[in-house]
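K.L.:
Provide a 3D model corresponding to the input given below.
(one chain, ligands or ions: 1)
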Amino acid sequence: MRKFTLGTSKEQIIYMINERSIKRVLVGDKKIALVRIEDEFFAFQSFCPHRGASLLEGSINSINEIICPLHQYRFELKSGRVSAGSCADLETYPTSLTENGLVITLP
Ligand code: FES
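P.N.:
Purely as a prediction, here's the structure:
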């Protein structure tokens, strides 16, 4: 497992990531997607497990699922589980908001 820290403080990372927008982040050599809802962060693969569309162009609904822009499959942000559609689950990465920034753990 590899751990990466974004930002230098809790306040800075909350300020940097607009709530409910989907941000592309480079961690190590991997491009991932990051979403903040209040002070909870969700990190996940940036392309859809169905046919590889960019989830950076997707949207977040009111029950905290990401909706793929291509065929509207839906995935739970927390678990990555596919909730509408038929494909593999979304790969998600654990996050932890600390006083020193946001820690993202990749496999
Ligand atoms: S590519 Fe995402 S739902 Fe088909």
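
K.L.:
hey, let's count contacts and neighbours off CA atoms from now on
P.N.:
Fine.

K.L.:
average pLDDT across stretch 79-97?
P.N.:
Mean per-residue pLDDT for stretch 79-97: 97.

K.L.:
Give me the contacts around it.
P.N.:
Contacts of stretch 79-97 with the rest of the structure, by CA atoms under 8 Å, 6 or more residues apart in numbering, involve 10, 39-45, 48-50, 73-78, 102-107.

K.L.:
out of those residues, which are inside strands?
P.N.:
Secondary-structure check on the contacts of stretch 79-97 using DSSP state E: residues within strands are 40-45, 74-76, 102-106.

K.L.:
Among the residues you listed, the buried ones, what's the ChimeraX command?
P.N.:
Applying 16 or more other CA atoms under 10 Å to those, the buried members can be selected in ChimeraX as follows:
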select :41,42,43,44,45,74,75,76,102,103,104,105,106
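
K.L.:
any chance of the ones in strands among the contacts of stretch 79-97 in a markdown table, plus distance to the ligand?
P.N.:
Listed next are the ones in strands among the contacts of stretch 79-97 as a markdown table, based on distance: CA to the nearest ligand atom, whole Å:
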| residue | distance to the ligand |
| --- | --- |
| E40 | 24 |
| F41 | 22 |
| F42 | 18 |
| A43 | 17 |
| F44 | 14 |
| Q45 | 12 |
| R74 | 7 |
| F75 | 10 |
| E76 | 13 |
| L102 | 27 |
| V103 | 27 |
| I104 | 24 |
| T105 | 24 |
| L106 | 22 |
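
K.L.:
Can you tell me which of the ones in strands among the contacts of stretch 79-97 lies closest to D29?
P.N.:
L106 (10.9 Å; CA to CA).

K.L.:
who's in contact with the residue positioned nearest the centre of the chain?
P.N.:
Centre of the chain computed as the mean C-alpha position; nearest residue by CA atoms, centre = their mean is A43, 3.0 Å away. In this structure, A43 makes contact with I32, A33, L34, V35, T92, Y93, P94, T95, I104, judged by CA under 8 Å, 6+ apart.
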